[in-house]
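[1] Fold the stuff below for me.
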Amino acid sequence: MENDSTSKYAVLILAPVGEDGPVLHRTLSRDGLKCCICASIEELCQGISNGAGTALIAEETLSMQNIGQLVGVIEQQPEWSDFPLLIMASQGITPDRTWAILDSTKKTLNAKILDRPVLARTLLTAVRSALRSRESQYRVAEELIRRKETEISLLRVNEELESFSYSVTHDLRNPLQITKMFAEILSNECQESLNDECQVYLHQILSGTVRMGSIIEDISALTKISRQELELIELDMSDMARSSVAELAAADPERTVRVKVQDGLKAVVDQRLIKVALGNLFSNAWKYTAKVKEPQIEFGAFEKNGKRVFFVRDNGAGFNMQYAHKLFVAFKRLHPDKEFRGTGVGLAIVERALKRHGGKVWAEGEKDRGATFYFTLPET
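    As a prediction, this is how the structure comes out:
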């Protein structure tokens with residue numbers, strides 16, 4: 001084989017013995033193209049395996065056996081590859097015969113038929129078009145490799161973070177419990193001997209341990225969502241919504257909240273994860289309607305672009321849409337703790353749980369005018 005056939009810009013030439021090969025070589029070389037004359041179908045196939053750009057093949061060199069070899073090496077190419085072939089039909093023979101020969105392989109080839117005699121301009125245009133196609137394929141392959149490497153890197157980082165979170169939450173629980181225990185002992189047994197200022201400090205210690213305990217539990221929940229396997233079953237989302245509201249009402253019996261739940265909403269989901277997701281969405285709505293005279297919460301669904309979209313809507317504190325991108329980021333809060341207490345992890349848990357299902361969540365709101373959280377789940 002003349003020259004190097006390993007370049008994705010190389011043109012392989014398989015032509016009959018005589019002047020065809022050298023003429024084609026000179027024509028393409030004058031235009032700055034890299035060419036490789038192949039003495040046999042075996043050399044041509046080797047050039048394809050080495051990563052050439054395209055192949056220029058005279059139709060009379062192709063027998064059924066040769067075509068079988070050609071198809072075999074093309075089928076061994078990576079999934080992203082669709083090797084472009086240029087077949088020069090024999091002079092005086094209709095291109096239909098050439099297509100019939102190619103179609104007999106039962107394999108769809110990325111081929112273009114050139115009628116002889118082929119003008120130099122037509123030949124160069126066809127070759128450059130094939131090389132551009134091959135270059136695009138290589139760019140796609142490089143992008144796929146880059147994305148795969150990025151995914152592997154992100155997966156490794158996520159696994160390390162999850163392992164770190166798991167270890168931290170378990171290592172923090174014990175010293176936190178000890179701190180809380182001694183603070184409670186001081187509060188119960190030494191309260192009379194403490195002045196007012198010391199009692200305030202003690203109260204802050206106890207409040208801090210409770211808050212830290214909540215943060216640890218939320219981090220633990222976030223980690224578990226990433227680890228646990230999904231067990232998908234069909235569930236009544238309406239019943240789950242009512243159950244979530246009932247739990248909130250039992251924990252806060254002094255409040256009266258008008259709740260509307262659309263009937264008959266079902267989905268194929270993991271019960272544990274969706275219970276956590278809905279629980280956090282309703283808990284969020286319950287909390288942010290605390291300062292409204294007539295609090296209202298609604299759960300329902302509608303069809304949009306052929307997909308079902310669920311929603312949880314409230315008429316509470318709402319939020320500024322300018323900061324909507326922070327809603328589902330852990331520990332990012334749009335309201336100060338003194339106004340509405342929380343750890344800033346609940347919505348991150350919602351987002352993680354829905355993403356595990358292949359769904360997504362987003363929100364719309366207006367300050368002091370309420371908020372609506374939308375989410376989707378894969379259709380079954």
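[2] Buried residues of stretch 196-206, list them for me.
    Of all the residues in stretch 196-206, those buried under the rule 16 or more other CB atoms under 10 Å are 202, 205-206. Where you see a C-beta, it was placed from the backbone N, CA and C, and this is true even at glycine.
[3] Export that stretch to CSV, keeping only CA atoms.
    This file holds the C-alpha atoms of stretch 196-206, laid out as CSV (Å, rounded to 0.1, in the frame of the first residue of the first chain):
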residue,chain,number,x,y,z
ASP,A,196,-30.7,34.6,83.4
GLU,A,197,-27.8,35.2,81.0
CYS,A,198,-26.5,31.6,81.5
GLN,A,199,-30.0,30.2,81.0
VAL,A,200,-30.2,32.0,77.7
TYR,A,201,-26.9,30.5,76.7
LEU,A,202,-28.0,27.0,77.7
HIS,A,203,-31.2,27.4,75.8
GLN,A,204,-29.2,28.4,72.7
ILE,A,205,-27.0,25.3,73.1
LEU,A,206,-30.1,23.1,73.2
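[4] and it, average pLDDT?
    For stretch 196-206, mean pLDDT is 82.
[5] how about the strands of the stretch 151-300 of the chain, start to end?
    Assigned strands in the stretch 151-300 of the chain, in chain order: 232-236, 258-261, 266-270, 296-304 (criterion: DSSP state E, counting those that start in this stretch).
[6] quick one, phi/psi of residue 134?
    Dihedral pair for residue 134: phi -70, psi -40, per degrees, to the nearest 10.
[7] Show the pLDDT at it.
    pLDDT for residue 134: 91.
[8] so residue 309, which of the three states?
    strand (DSSP: H, G, I helix; E, B strand; the rest coil).
[9] Could you count how many residues lie near residue 321?
    13 (other CB atoms under 10 Å).
[10] now it, nearest residue through space, not along the chain?
    Distances taken as CB to CB, 6 or more residues apart in numbering place residue 365 nearest to residue 321, at 6.5 Å, with adjacent residues excluded.
[11] One more: residue 328?
    residue 351 (4.0 Å).
[12] Let me know the pLDDT of residue 34.
    91.
[13] in the protein, which helix or strand is least confident?
    Least confident element among the helices and strands of the chain, by mean pLDDT, DSSP states H and E: helix 95-103 (a mean of 64).
[14] you'd agree residue 56 is in a strand?
    Yes: Residue 56 forms part of a strand when assessed by three-state DSSP.
[15] That one contacts residue 88, correct?
    Yes: contact criterion CB atoms under 8 Å: residue 56 and residue 88 qualify, at 7.0 Å.
[16] who's more crowded, these two?
    Taking other CB under 10 Å, residue 56 and residue 88 do not tie; residue 56 has more neighbours (28 against 25).
[17] could you list every residue that touches residue 14?
    When contacts are counted by CB atoms under 8 Å, 6 or more residues apart in numbering, residue 14 touches 38, 40-41, 43-44, 55-58, 61.
[18] and the gap between it and residue 231?
    Distance, residue 14 to residue 231, by CB to CB, to the nearest Å: 57 Å.
[19] What segments of the protein are helices?
    Secondary structure of the chain by DSSP state H: the helices cover 20-30, 41-49, 64-75, 95-103, 120-189, 196-227, 237-251, 271-288, 346-356.
[20] mind listing what's buried in the first one?
    Looking back up the chat, that one is helix 20-30. Result for helix 20-30 [16+ other CB under 10 Å]: buried residues 20-21, 24-25, 27-28.
[21] could you give the angle of it to helix 120-189?
    Calculated by axes from the mean of the first three to the mean of the last three CA atoms, to 10 degrees, helix 20-30 forms an angle of 60 degrees with helix 120-189.
[22] Count the residues that sit near the residue lying closest to residue 33 once chain neighbours are set aside.
    If the residues on either side of it in the chain are set aside, residue 33 comes closest to residue 11, at 5.7 Å by CB to CB, 6+ apart. Other residues lying near residue 11 total 27 when counted by other CB under 10 Å.
[23] contacting residues for residue 137?
    Taking CB under 8 Å, 6+ apart as the test, what residue 137 contacts is 80-82.
[24] and those as TSV, adding pLDDT?
    Output for the contacts of residue 137, formatted as TSV (pLDDT from 0 to 100):
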residue	pLDDT
80	87
81	88
82	89
